[in-house]
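Colleague: With the sequence up front, the predicted model follows.
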Number of protein chains: 2
Amino acid sequence: MTPIENEIVWRSECPISSALDVLGDKWSLLVIRDLVVHGTRTYSDFRDAPEGIATNILATRLNLLSSLDLIERVDPERSARGNAYRLTERGAALRPILVEFLKWAQCHLVDMHPSIHGDARIR
Amino acid sequence: MTPIENEIVWRSECPISSALDVLGDKWSLLVIRDLVVHGTRTYSDFRDAPEGIATNILATRLNLLSSLDLIERVDPERSARGNAYRLTERGAALRPILVEFLKWAQCHLVDMHPSIHGDARIR
DNA sequence: CAAGTTGAGTTGCAATATGCAAGTTAGCAG
DNA sequence: CTGCTAACTTGCATATTGCAACTCAACTTG
């Protein structure tokens, strides 16, 4: 087990910049998306999502999001195997961000990405 | 002038994933933020923002966002010098995403980032 | 209970992307 | 036409991502 360095470097005191210091990459919000859509997800569920996240990236993201208290194990007592992840309250509060991304993409991305799913909804 | 490769690789047909294919990095949404807050910004305005974007990154982001029609020059006829950028309609439609990031950060990031600006508003 | 299978990661290394400093170019002011 | 400066570009060091292979512990099957 590597002692993971989770030091976030805050680029400024701007809240938006700080949110992007945490979530501003291609994968973190997709992990959150899967949890918003499905409620709980195991490691292999995430790994098998259509975007194809690499397993090392997945592991570091799950660790980072856990250490920031955005996600947690469904059963903290049990071992990793079969022990899914779910959103904490703080993580669930990211939902409106995903909703706005969804709305924007459906309005403004359809013409540059023809096969985009134009009528998806977050349940 | 380098012939810039602007090929976006779409990881899936999911709209949220596609939005992150475009905007999922630490800098793009900060450029948008500056334009949402200030209306127009020149190259040096962006460069001098507190987050300290490197000039090569800034140049590639401005090119990318322009080619995606999220931002544009205020005066398309004139040369670069003093010719600010502004949001297109498509870019301005990103505002609600930034608003949700702001709200989330102010609620949930204050305790892990003490000096965050807790009462900022997007005008 | 030994052997195989599967979930949940690690590790090593190649390919990209980011960060930093310095250099270049083209408008403008005088 | 000379110097100043905004707007980039380039080169190179460092960090992050992506891919494939490997480990390891937890079940499950005979």
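Modeller: Now that the structure is in, tell me what you want to look at. Residues are numbered from 1 along each chain as shown, chains lettered A, B, ... in the order given.

Colleague: Flag every residue of chain A that's near DNA strand C.
Modeller: Selection of chain A residues close to DNA strand C by Cβ under 7 Å from any atom of the strand yields A:1-2, A:42-45, A:55-56, A:59, A:62, A:80-84. From N, CA and C alone the C-beta is placed, and that goes for glycine too.

Colleague: Just the buried ones from those, in PyMOL syntax?
Modeller: Listed next is the PyMOL selection for buried residues among the residues of chain A next to DNA strand C, using 16 or more other Cβ atoms under 10 Å in any protein chain shown:
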select buried, chain A and resi 43+62+84
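
Colleague: And the strands in chain A?
Modeller: A:40-41, A:71-73, A:85-87 (DSSP state E).

Colleague: so A:Leu70 makes contact with A:Glu89?
Modeller: No: the criterion here is Cβ atoms under 8 Å, and A:Leu70 misses it with A:Glu89 at 9.5 Å.

Colleague: Looking at these two, which is more packed in?
Modeller: A:Leu70 (24 against 9; other Cβ atoms under 10 Å in any protein chain shown).

Colleague: now the more buried one: how far from A:Asp45?
Modeller: 17 Å (Cβ to Cβ, to the nearest Å).

Colleague: Over to A:Gln106?
Modeller: 25 Å.

Colleague: picking that back up, next, format the strands of chain A as a markdown table and append distance to DNA strand D, mean neighbour count and mean pLDDT.
Modeller: Shown next, in a markdown table, are the strands of chain A (distance: least, Cβ to the nearest atom of the strand, whole Å; neighbours: other Cβ atoms under 10 Å in any protein chain shown; pLDDT from 0 to 100):
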| stretch | distance to DNA strand D | mean neighbour count | mean pLDDT |
| --- | --- | --- | --- |
| strand A:40-41 | 16 | 18 | 97 |
| strand A:71-73 | 14 | 18 | 98 |
| strand A:85-87 | 16 | 19 | 98 |
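
Colleague: quick one: low-confidence parts of chain A?
Modeller: A:1-6 (pLDDT under 70).

Colleague: Show which residue of it lies farthest from the average position.
Modeller: Relative to the centre of chain A, the most outlying C-alpha is that of A:Asp111, 25.8 Å out, by Cα atoms, centre = their mean.

Colleague: residue boundaries of the helices in chain A?
Modeller: Ranges of helices within chain A are A:15-23, A:28-38, A:43-47, A:55-67, A:89-92, A:95-108, based on DSSP state H.
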